[in-house]
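A.B. asks: Sequence first, predicted model second:
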Amino acid sequence: MSTARLVPVERAFFEQPVVALARALLGALLVRRIGGAQLVGRIVETEAYGGEGIDPSAHSFRGPTPRCEVMFGPAGRAYVYTTHQGRCCLNVTATGDGGGKAVLLRALEPWHGAERMHAHRIEGLADGPTRARLLARGGRDPQLASGPSRLCQCLAVDRALNGVALTDPRSALFIAAPPRGVADVSALWTPRIGLNPGSASFGWRWRALDGGSPAVSGPRRPAGAGPAPQPRQCPAPRGRRAGTR
DNA sequence: CTCACGATCAGCT
DNA sequence: GCTGATCGTGAGG
């Protein structure tokens, strides 16, 4: 598919409630310009983080710190932080109300430039079964960017991109609307991944995923429950609930 | 396939 | 000093 005319969505798109933005980002394209190449992935999994005083699992819960101050700025910026072993995670700031809200991008379907993403992904991987498997599958692996840090590896996203405006046409990283003619996705909602079980927000179903995508990381539905209802504080789901594949 | 373990370190208290 | 918005490995079904 042609990617020549991809342009960033405007800032107003990001100025909506964070859970709604998590939903709206499903199916959108994440575009990375690097070294003259354009890498594109379709967003298939997101998580909302509710901000200061609201969501104990958010970095911003206790107010701004040097690490998370970008979360308190305008909507539509990249918040990139480092986690275990120097890996990174990419968030999109939401709402623009100064409350520290953001959406974590957890998985992409490679859409354009998969070979380049694959090269970025295996760069620096130690010899072992994982590297061997990735080498064997090449750029065709649908799970190449399945996971928040894998996503960043594929697109070469690191702290250098922290704070960049995803709405800027000249940006090295931006969000583009889903191409016309591509079917809208229906969202499934589950609890978020990797949170402290003691957290008050542990069970909130603020993880949105495209149940039809092979690129989704982790479980497709909450253990012991059917397709999840919409989380609280959020308008009714637009799409029908997804099939069970 | 599903677990559990821990590497290794920035960020925070 | 302690804690992870993770991932790769290895053991077991």
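C.D. replies: Okay, I see it.
A.B. asks: Residue numbers of chain A in contact with DNA strand B?
C.D. replies: A:59, A:62, A:65-68, A:81-82, A:84-86, A:159 (CB under 7 Å from any atom of the strand). C-beta: built from backbone N, CA, C; applies to glycine.
A.B. asks: can you tell me which of those are in strands?
C.D. replies: With DSSP state E as the criterion, strands contain A:81-82 from among the residues of chain A next to DNA strand B.
A.B. asks: List the buried residues for the longest strand seen in chain A?
C.D. replies: Using DSSP E, we find that the single longest strand of chain A is strand A:37-49. Buried residues in strand A:37-49, defined by neighbour count with 16 or more other CB atoms under 10 Å: A:39-49.
A.B. asks: and DNA strand C, which of those residues contact it?
C.D. replies: Filtering the buried residues of strand A:37-49 for proximity to DNA strand C by CB under 7 Å from any atom of the strand leaves A:47, A:49.
A.B. asks: Including pLDDT, could the buried residues of strand A:37-49 go into CSV?
C.D. replies: Converted to CSV, the buried residues of strand A:37-49 look like this (pLDDT from 0 to 100):
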residue, pLDDT
A:L39, 98
A:V40, 98
A:G41, 97
A:R42, 97
A:I43, 97
A:V44, 97
A:E45, 97
A:T46, 97
A:E47, 97
A:A48, 98
A:Y49, 98
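A.B. asks: Now distance to A:S171 too, for the buried residues of strand A:37-49, in a markdown table please.
C.D. replies: Listed next are the buried residues of strand A:37-49 as a markdown table, based on distance: CB to CB, whole Å:
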| residue | distance to A:S171 |
| --- | --- |
| A:L39 | 13 |
| A:V40 | 14 |
| A:G41 | 16 |
| A:R42 | 19 |
| A:I43 | 16 |
| A:V44 | 22 |
| A:E45 | 22 |
| A:T46 | 19 |
| A:E47 | 23 |
| A:A48 | 23 |
| A:Y49 | 22 |
